[in-house]
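**Q** no FASTA, just this:
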């Protein structure tokens with residue numbers, strides 16, 4: 001549920017969490033309706049551009065780097081040699097941009113069911129879309145669940161599920177059947193990484209996700225928390241699942257020697273995210 005009051009404050013009310021988040025708006029820029037969802041764009045006084053999908057804040061100019069960097073670089077530096085990366089969702093293209101900063105990546109396929117999200121991002125978040133024309137990038141506007149079913153076995157190194165909350169079009173991305181298709185498509189040692197909501201508010205969801213991943217046949221799991229002011233509680237997470245290997249250390253030397261710029265991610269941040277608070281360690285085992 002969301003609202004825009006007379007003083008131009010956009011407020012997202014999260015009934016399930018008993019909380020709300022507001023941003024001061026200067027202009028409503030555009031709204032587009034697809035058969036799946038409503039995507040609206042705003043300008044704000046202090047957070048730059050704002051994308052809202054079905055009344056929920058999704059992306060802002062000011063803080064999106066936190067999410068995009070943590071959804072991509074930990075998995076890419078944990079895998080020994082990632083060459084083929086698939087992104088399910090991620091229509092704003094920020095995760096795609098981060099993935100393609102890695103010179104060893106030979107192919108990055110982004111599959112988002114709603115083309116409106118990408119076309120609006122190209123207009124209002126051009127900085128997130130600067131790698132869309134990279135020859136290694138493929139953008140597809142189709143059903144990601146069906147695409148994974150059709151993907152050849154053992155043909156992908158990393159799958160990034162950059163989805164909205166587990167409702168509506170994204171609901172089918174949070175169950176054993178989908179995870180089984182991901183496991184089949186991954187090569188040995190491959191990694192699935194999925195946004196896993198707030199560890200403070202949604203620890204039960206994280207438990208359920210990891211349980212479904214285990215039922216599908218994944219062998220090892222790692223949940224990494226990180227700050228994300230735009231989302232409920234301001235604290236978010238991603239969960240990594242590995243095919244055939246336990247999670248050891250990541251490629252710290254490669255992370256320290258990276259040739260591209262990041263605003264949040266570095267090897268120390270990665271290492272710190274692996275040290276879970278006690279309540280998460282107890283809940284996740």
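**A** Received the coordinates, thanks. None of these values were measured; they are calculated from a predicted model.

**Q** Helices of the stretch 51-200 of the chain, start to end?
**A** Here the stretch 51-200 of the chain has its helices, by DSSP state H, counting those that start in this stretch, at 64-78, 94-99, 115-124, 144-150, 176-185.

**Q** And for residue 273, the neighbour number?
**A** Counted with other C-beta atoms under 10 Å, residues neighbouring residue 273 total 18. The C-beta positions use only the backbone N, C-alpha and C, and glycine is treated the same way.

**Q** so who does it touch?
**A** Contact partners of residue 273, counting by C-beta atoms under 8 Å, 6 or more residues apart in numbering, are 70, 74, 224, 225, 226.

**Q** Mind doing that once more with 6 Å?
**A** Residue 273 sits next to residue 224 when contact means C-beta atoms under 6 Å, 6 or more residues apart in numbering.

**Q** before we move on, the earlier item: right, and the helices of the stretch 51-200 of the chain - which one's nearest residue 275?
**A** Among the helices of the stretch 51-200 of the chain, the nearest to residue 275 by C-beta to C-beta is helix 64-78 (13.3 Å).

**Q** Does anything pack onto the closest one? Which helices or strands?
**A** When contacts are defined as 3 or more C-beta pairs under 6 Å, 6 or more residues apart in numbering; DSSP states H and E, helix 64-78 packs onto helix 94-99, strand 156-162, strand 220-227, strand 235-242.

**Q** of the ones you listed, which approaches residue 53 most closely?
**A** Of all the helices and strands packed on helix 64-78, strand 156-162 sits nearest to residue 53, with 12.8 Å by C-beta to C-beta.

**Q** Might you calculate how far that closest one sits from the centre of the chain?
**A** 10 Å (C-alpha atoms, centre = their mean, to the nearest Å).

**Q** Provide the contact partners of it at residue level.
**A** By C-beta under 6 Å, 6+ apart, strand 156-162 touches 71, 75, 79, 82-90, 95, 173, 182, 185-187, 190-194.

**Q** picking that back up, redo the helices of the stretch 51-200 of the chain as JSON lines? Include mean pLDDT, mean neighbour count and distance to residue 277.
**A** Compiled in JSON lines, the helices of the stretch 51-200 of the chain are given as follows (pLDDT from 0 to 100; neighbours: other C-beta atoms under 10 Å; distance: least, C-beta to C-beta, whole Å):
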{"stretch": "helix 64-78", "mean pLDDT": "98", "mean neighbour count": "24", "distance to residue 277": "16"}
{"stretch": "helix 94-99", "mean pLDDT": "98", "mean neighbour count": "27", "distance to residue 277": "25"}
{"stretch": "helix 115-124", "mean pLDDT": "98", "mean neighbour count": "19", "distance to residue 277": "33"}
{"stretch": "helix 144-150", "mean pLDDT": "92", "mean neighbour count": "17", "distance to residue 277": "32"}
{"stretch": "helix 176-185", "mean pLDDT": "94", "mean neighbour count": "20", "distance to residue 277": "26"}
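
**Q** No more questions from me, cheers.
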